[in-house]
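Chemist: need the 3D shape of this:
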Amino acid sequence: MPGGARAPTFDLASRSPAVQWLALSLLSALLAVALVSLNVPAGLLLGPMAAAVVVAVGRGRVRVPRRPFLLAQASIGCLIAQSITVPILHEIGRHWPTFGLAVVAVIAASSLLGWLLARWQVLPGTTAIWGSAPGAATAMVLMAESFGADVRLVAFMQYLRVVIVTLVASLVASFFMPEGAGGASSGREWFVAVEPAALAMTLGVIVLGAVTGRVSRLPAGPLLVTLVGATLLQDLGGVTLALPAPLLAVSYAFVGWNIGLRFDRAILVHVARSLPGVLVSIVCLVAICGGFAVLLVVFAGLDPLTAYLATSPGGADSVAIIAASTHVDVAYVMAMQLARFVLVLLFGPHLARLIARQARRRRPEAP
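Modeler: Okay, here's the model as predicted:
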């Protein structure tokens, strides 16, 4: 710059917290709307997370309050519970041998790739394992934080994979979709009438789940307690869960802010350095899961699109939208996605610790 002048930088350090929150909210809304309009998966979460990264790198000092974040976790627990319906549970029971083999194979492949990332020091041990875990991305990020992994890097891996997996799944679906069939729907409608009693019940479940989960001191307690409680109420108690889009948008925003506000320039450098290795691992996992889908077609007699969507590693909500708009066995697809999510939820912490320990032991010595 002439005269030694420095280029202007985006610096929020001298601004009041109110101004910082205003900047964060407006930028989050703009990015979320842009991503949703482009049909980017998880746009309602990625937009606020990206906005929070900008604010954090600009030396913003705001942090997400504890209580809204716990309520956001509980809301996502309710969202996952909505997909655990009785027909899907019956589907798992009818095909449990096939489900068991396919689910374990995908988890084993993702764990192996996570172990390689940790061993080659692309990412720290437990962070690499949680980032590679093929479960619901938001739930994996929340679980990873509770078990000491770097939530920023886990989120980077998980949501990058969600975007890539969804794009590939959309291409595969368009290839196998009959001519004249409609495309994927855009997901939830924003302005849909909600039964007041169902909404009140759902809000009560969210508040109770957040409080109980916090008191229980379980890892990601509000998410897990609400998930279990809402599933039992829905499937055994006949309770209808109502989650309007604005409620979910606010919940996703708090989760995204909680992740993004922790970023700084140093972690962004680490992200850039690890990007090639992470991309290779994601592509390998997608290819391996495609191979498992071929085996399901050959040995289980599934149609190719159902098999591919069922074994697709992550992005379950986006896969659900694609499956619902194509001629596939939606119950089979969602049942396999759900079975894998539950297994990762149950055994993920133990796998992460075990594999990270093995990666440290076998790490090649520096010359």
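Chemist: would you map the strands across the chain?
Modeler: Remark: strands of the chain are absent; assignment by DSSP state E.
Chemist: check the gap between the closest residue to Asp235 other than its chain neighbours and Val225 for me.
Modeler: Nearest residue to Asp235, sequence neighbours excluded (Cβ to Cβ, 6 or more residues apart in numbering): Val86, at 5.4 Å. C-beta coordinates here come from the backbone N, C-alpha and C atoms, glycine included. Counting by Cβ to Cβ, to the nearest Å, the gap between Val86 and Val225 amounts to 21 Å.
Chemist: any stretches of the chain with poor pLDDT?
Modeler: Within the chain, the stretches with pLDDT under 70 are 1-10, 41, 177-189, 191, 315, 317-318, 321, 324-325, 361-367.
Chemist: residue closest to the middle of it?
Modeler: With distances taken as Cα atoms, centre = their mean, Ala137 lies nearest the centre of the chain, 1.5 Å away.
Chemist: surely that residue touches Gln158?
Modeler: Yes: with contacts counted by Cβ atoms under 8 Å, Ala137 reaches Gln158, the gap being 4.1 Å.
Chemist: please enumerate the shared neighbours of those two.
Modeler: Gly314 (Cβ atoms under 8 Å, 6 or more residues apart in numbering).
Chemist: the residue nearest to Asp235 and Ile92, how far apart?
Modeler: 11 Å.
Chemist: buried residues, stretch 326-342. List them.
Modeler: 326, 328-341 (16 or more other Cβ atoms under 10 Å).
Chemist: of those residues, closest to Ile355?
Modeler: Arg340 (17.1 Å; Cβ to Cβ).
Chemist: my guess is that closest one meets Ile107, correct?
Modeler: Yes: using Cβ under 8 Å, Arg340 is in contact with Ile107, at 6.7 Å.
Chemist: overlap in contacts, those two.
Modeler: With Cβ under 8 Å, 6+ apart, Arg340 and Ile107 have common neighbours Pro134.
Chemist: now Thr85: phi and psi?
Modeler: phi -100, psi 160 (degrees, to the nearest 10).
Chemist: who's in contact with it?
Modeler: Contacts of Thr85 by Cβ under 8 Å, 6+ apart are 234-235.
Chemist: how near is the residue nearest to the centre of the chain to Ala230?
Modeler: For Ala137 relative to Ala230 (Cβ to Cβ), the value is 19 Å.
Chemist: the more surrounded of Val86 and Ile92?
Modeler: Ile92 (19 against 10; other Cβ atoms under 10 Å).
Chemist: residues contacting that one?
Modeler: 99, 335, 338-339.
Chemist: farthest-separated two in those?
Modeler: Longest span within the contacts of Ile92, Cβ to Cβ: Phe99 and Leu338, 9.6 Å.
Chemist: before we move on, back to that, export the contacts of Ile92 to CSV and tack on distance to Ala320?
Modeler: Formatted as CSV, the contacts of Ile92 follow (distance: Cβ to Cβ, whole Å):
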residue, distance to Ala320
Phe99, 17
Ala335, 11
Leu338, 10
Ala339, 14
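Chemist: that's all I had, so thanks and see you.
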